[in-house]
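S.K.: show me the folded form of this:
(one chain, ligands or ions: 1)
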Amino acid sequence: MTVVSKDKRKDANGSDSRREAEGRAHPLASVRNIGIIAHIDAGKTTTSERILYYSGKVHKIGEVHDGTATMDWMIQEQERGITITSAATTCFWQDHQINIIDTPGHVDFTVEVERSLRVLDGAVGVLCAVGGVQPQSETVWRQANKYSVPRLAFVNKMDRMGADFYNVVDQMQQKLKAPAVAIQLPIGAAETFKGLIDLISMKAMHFSEDDMGSKVEYVDIPADMAADAEAYRAELIEKVAEVDEELLEAYMDDAGVSESALIAALRRATIANDIVPVLVGSSLKNKGVQPLLDAVVSLLPSPLDIPAVEGVNPKSEKELSREASDFEPLTGLVFKMATDKFVGKLAFVRVYAGQLKKGQNIYNPRTKKRERIGRLLRLHANHREDIDVLYAGEIGGMVGQKLFTTGDTVCAENDPIVLENIEFPEPVISMAIEPKSTADKDALVDALKDLAEEDPTFRTSIHDETGQTIIEGMGELHLEIIRDRILREYKVQANAGKPMVAYRESVSAKGEGSFTFERTIGDENHFAALTLAVEPNGAGAGNIIQFDVSGKIIPDEYRKGIEEGIADALLTGVLGNYAIIDTAVTVIGGQAHDMDSSEMAFRSAAVMALREAVVQAGPVLLEPIMLLEIESPEEHLGDVMGDLNSRRGRIREIKASNDLQVVQADVPLAEVFGYATSLRSLTKGRASYSMEPQAFDPVPSHMTDAILNR
Ligand SMILES: Nc1nc2c(ncn2[C@@H]2O[C@H](COP(=O)(O)OP(=O)(O)OP(=O)(O)O)[C@@H](O)[C@H]2O)c(=O)[nH]1
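M.R.: Here you go, the predicted structure:
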C-alpha cells in the first residue's frame, strides 16, 4: 500500500526535495525506527531473528534455545537465552529501511528499554498467547506510553497449549487500558494453529512448512470462520471510524470502506495512539512474521510522522525545534555507549535532522567541545558496516568519540541545540569488589570505568573510609552479568562481596553553608568565598545546581569549577558516604578577588560549603523501595500478606486474575533479599512474583543508626 501524495515536490518514490539529500538510499517516508518490546520470554528475540531471515539479512535462522540467535550476540545472552543489551540492526522490507532495536525484557535491564523508546518512532509489543499481559509487559507498556510511542501488538506462541488470542486482546484492553483492536484472527490454536485471517484484505494466509515459512499462500477464509471474520472486521471498522473522521464518512457512505481507505485510516489512528492493531502468529513455527513486517511498513510512523524534536532552554529561534529533513542543521542524540570488541568505543546515535558525516566536526553543547568523527557505522546485530553519512531519521554508531556520553546532543557548533537528556533510575543494589591480585588492580579500575560509561544505571566508586571499590546496579542479575563481563571480556580476576542495598541521602529542609578557601601554593595565592543554599528538590526529581548571584560577585569564569565541586561533593553524603539525590543547590553568595581567585579555589570552596549546607538541612537516609507483584492461589493469600507485613510492605491493591489473586505491594529492597525462596516455601511453589525499583523513601528513624553503624 502506498499513500499517493498530492504534494508536487514529492517524486514517485515519495522523496521530497525540501527534505531529502540525493545520496540517501531510502526516502524519509520509507524509514521505520522500531523497537521490539515485551515481557521476558515472550519471544522478542525469536521474532527479530525471523525478521532478519525473511528480509534476507541472515541466511540461517538462529535460535534462542540453542544459543545461536544473531541479535543475542553477547556470550552471556547466548548462555542464558536472554537479551541484555539492546541490539540495533537494519533490514529492508518492501523497499523500506527498517531499523530495529531488540530490547531486553528483564527489569534489571530496563534502562535499555527506556533509552531505546526515547529514540524510536514506533514499537511492536510482543505478548505470549498463553501468558498474556504479564507484569513486565505492563512496565514496558507504561514506558512506551510515557514517550507516546505508537504500537502494534503481536500475540506470539499461538502454537502453544492453552494459547488464546481473544483472551490476550481482552487483557490488553483491561489491564493495559490499551485501545487494542484485532486486525487478524488466528486459524486454529495450539497444535491446530495453521495460519491467520487478515481482516483488512479479508484473505486467509498459510505459511509453507518446509522452507522456514518463507512462502505465504493467500487462500479463501475457511467457511467455519467466515461469520467471525465479518463480525471482527465490522468491529475494526467501527473502532477506527470512532477516532477517524475520514473513515467515518466512508463508513456512512453506501459505497462502503475500501481496503486502502481502511489502511490509511488505521495508520493515522495508530500513529495518533488511538488504536493499537493486534496481530497474531508463532515466530518459532514461522507463522505470521511477514504480515507483521507488512504492518510495520503500512501502519507504523516514519520519521516524517513524528513531531519535530524540541530544544531545551532555547536561546534563539533556531534552537526551538528541528524537523526531519536532511537540510536542517544537524541534530542527533547519543542514546547508548558500548565497548565493541572489534571497533572499540561506540556511541549509538539517532539523527533527527541534518546529516552526520564521516570526517565532520561535531559539537557537544554539554561540554561545549568539538570532536571529529573518525568512523561511522551502520549496525547489523553483531557486525558493522562502514558508511559515510547518516541521514535524518537514521540510527547508527560513531566510533571512538571521547567527548560524548549517553544523553548528549550531537549538533553543529554554529547551529547549536540541546535535546532533552534521557532520565535514568538510580541504582538500588551495591556490592564490594576487589581484584584477586595486585596485578589486576589497574585493569579492574579500567574495566569498571568502561562499563559505567556504557551503562548509566551501573556506578562504581571508592568508599571514602574503607577504600573498598563499590559497584552499584539495578539488581542481582545486573551485577552478576557485570562481574561475568569483567572476567571474560576484560580478563580481570575479581572477588565480589554479598549484594547489599544501595542507600542514598537527601535533605529534609532548607540549609545554608559558607566556606572561604585561602591558600598559597608555590608562589600563587588562591582565594574563593562561597555561600550555598540547599533544599529538597522533590522525590525522583534528581539534583539541580543553579546560580542566584550576579556575575559581579562570582564571575562567570569560576562557575564551571563551582559546578564541578558541587557535583563531586554530591557523590558522598554526610551520614554514611552515600550519594545525595533529589536536592536543589543554589549558589547565593560569595566573593572573588581580582588578582588571586582561581577555578581550583572555587571548586574546593564549593565542596566544603556544600557539606556544611547539607549538615544544616536535616540530612536523611533513603532506601530503595521495590514494587512487588505476586500472583498467588487464593488459599495462600493470607500467608503471603502476613509475610509482606513482616517485611514492612505496604499493600497497594489485591485483584483477581483468572484463578489467581494478584497482590501489588511496595516493599523496601532491604527486606526482599531471598524472597524467591520464602515465597516458594510459603506457597508450596505455586506463587510467582516480579519486582522492579519504584522509588527512594526515608529509612524509618529507629533503623537509621543500625544501618549507619554497620
Ligand atoms: N512454542 C513457542 N515457543 C516460542 C515462540 N517464540 C519463542 N519461543 C520460545 O520462547 C523462549 C523465549 O524466546 P525469546 O525469543 O528468547 O524471548 P525474548 O522475549 O527475547 O526473551 P528475553 O530476551 O529474555 O527478554 C525461547 O525458548 C523460544 O524458543 C513461539 O512462537 N512458540
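S.K.: skip the chain neighbours and tell me the closest residue to Ile237.
M.R.: In space, and not counting its chain neighbours, Ile237 is closest to Val257: 5.5 Å by Cβ to Cβ, 6 or more residues apart in numbering. Glycine gets a C-beta too; all of them are placed from N, C-alpha and C.
S.K.: doesn't the one you found lie inside a helix?
M.R.: No. Judged by DSSP: H, G, I helix; E, B strand; the rest coil, Val257 forms no part of a helix; its state is coil.
S.K.: spatially central residue in the chain, please.
M.R.: Glu114 (1.6 Å; Cα atoms, centre = their mean).
S.K.: which residue is the nearest non-sequential neighbour of that residue?
M.R.: Among residues not flanking Glu114 along the chain, Gln143 sits closest, at 6.0 Å (Cβ to Cβ, 6+ apart).
S.K.: show me what whichever strand or helix holds the one you found is packed up against.
M.R.: Element membership for Gln143, per DSSP states H and E: helix 135-146. When contacts are defined as 3 or more Cβ pairs under 8 Å, 6 or more residues apart in numbering; DSSP states H and E, helix 135-146 packs onto strand 31-38, helix 110-119, strand 122-128, strand 688-698.
S.K.: tabulate those (JSON lines), appending distance to the ligand.
M.R.: Formatted as JSON lines, these follow (distance: least, Cβ to the nearest ligand atom, whole Å):
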{"stretch": "strand 31-38", "distance to the ligand": "5"}
{"stretch": "helix 110-119", "distance to the ligand": "10"}
{"stretch": "strand 122-128", "distance to the ligand": "6"}
{"stretch": "strand 688-698", "distance to the ligand": "13"}
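S.K.: mean pLDDT and distance to Ser48 added to the ones you listed, as CSV?
M.R.: Below are these laid out as CSV (pLDDT from 0 to 100; distance: least, Cβ to Cβ, whole Å):
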stretch, mean pLDDT, distance to Ser48
strand 31-38, 89, 6
helix 110-119, 73, 13
strand 122-128, 94, 9
strand 688-698, 85, 23
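S.K.: three-state assignment of the residue in the stretch 501-650 of the chain that the ligand sits nearest to?
M.R.: Closest residue of the stretch 501-650 of the chain to the ligand, Cβ to the nearest ligand atom: Glu629 (17.4 Å). Secondary structure, three-state DSSP: Glu629 is strand.
S.K.: what are the phi and psi values for Ala533?
M.R.: Main-chain dihedrals, Ala533, degrees, to the nearest 10: phi -120, psi 140.
S.K.: per-residue confidence at it?
M.R.: Model confidence at Ala533, given as pLDDT, is 97.
S.K.: returning to that earlier point: is the residue nearest to the centre of the chain in contact with Ile422, as I believe?
M.R.: Yes. With contact defined as Cβ atoms under 8 Å, Glu114 counts as touching Ile422 (6.9 Å).
S.K.: next, Val585: phi, psi?
M.R.: phi -110, psi 130.
S.K.: need the next SSE after the lowest-mean-pLDDT helix or strand in the chain, C-terminal direction.
M.R.: None of the helices or strands of the chain scores lower by mean pLDDT, DSSP states H and E than helix 75-80, at a mean of 50. Where DSSP H and E defines the elements, the next helix or strand beyond helix 75-80 is strand 87-93.
S.K.: which elements pack onto that following strand?
M.R.: Against strand 87-93 (3+ Cβ pairs under 8 Å, 6+ apart) you get helix 44-54, strand 96-102, helix 289-299, strand 375-380, strand 395-399.
S.K.: can you list the buried residues in it?
M.R.: Using 16 or more other Cβ atoms under 10 Å as the test for burial, strand 87-93 gives 87-91, 93.
S.K.: ok, stretch 406-425 next?
M.R.: 406-412, 415-419, 422, 424-425.
S.K.: could you export that stretch as CSV, CA atoms only?
M.R.: Extracted as CSV, the C-alpha positions of stretch 406-425 are listed here (Å, rounded to 0.1, in the frame of the first residue of the first chain):
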residue,chain,number,x,y,z
THR,A,406,24.6,8.7,26.8
GLY,A,407,22.0,11.5,26.6
ASP,A,408,24.3,14.0,24.8
THR,A,409,23.0,16.1,21.9
VAL,A,410,25.1,16.0,18.7
CYS,A,411,24.9,19.2,16.7
ALA,A,412,27.0,21.7,14.7
GLU,A,413,28.9,24.4,16.6
ASN,A,414,27.4,27.2,14.6
ASP,A,415,23.9,25.8,14.9
PRO,A,416,23.6,24.5,18.5
ILE,A,417,20.6,22.9,20.1
VAL,A,418,20.1,20.9,23.3
LEU,A,419,17.7,18.0,23.3
GLU,A,420,16.2,16.8,26.5
ASN,A,421,18.5,14.3,28.3
ILE,A,422,17.4,10.8,29.0
GLU,A,423,16.4,10.1,32.6
PHE,A,424,17.8,7.0,34.2
PRO,A,425,16.8,5.4,37.5
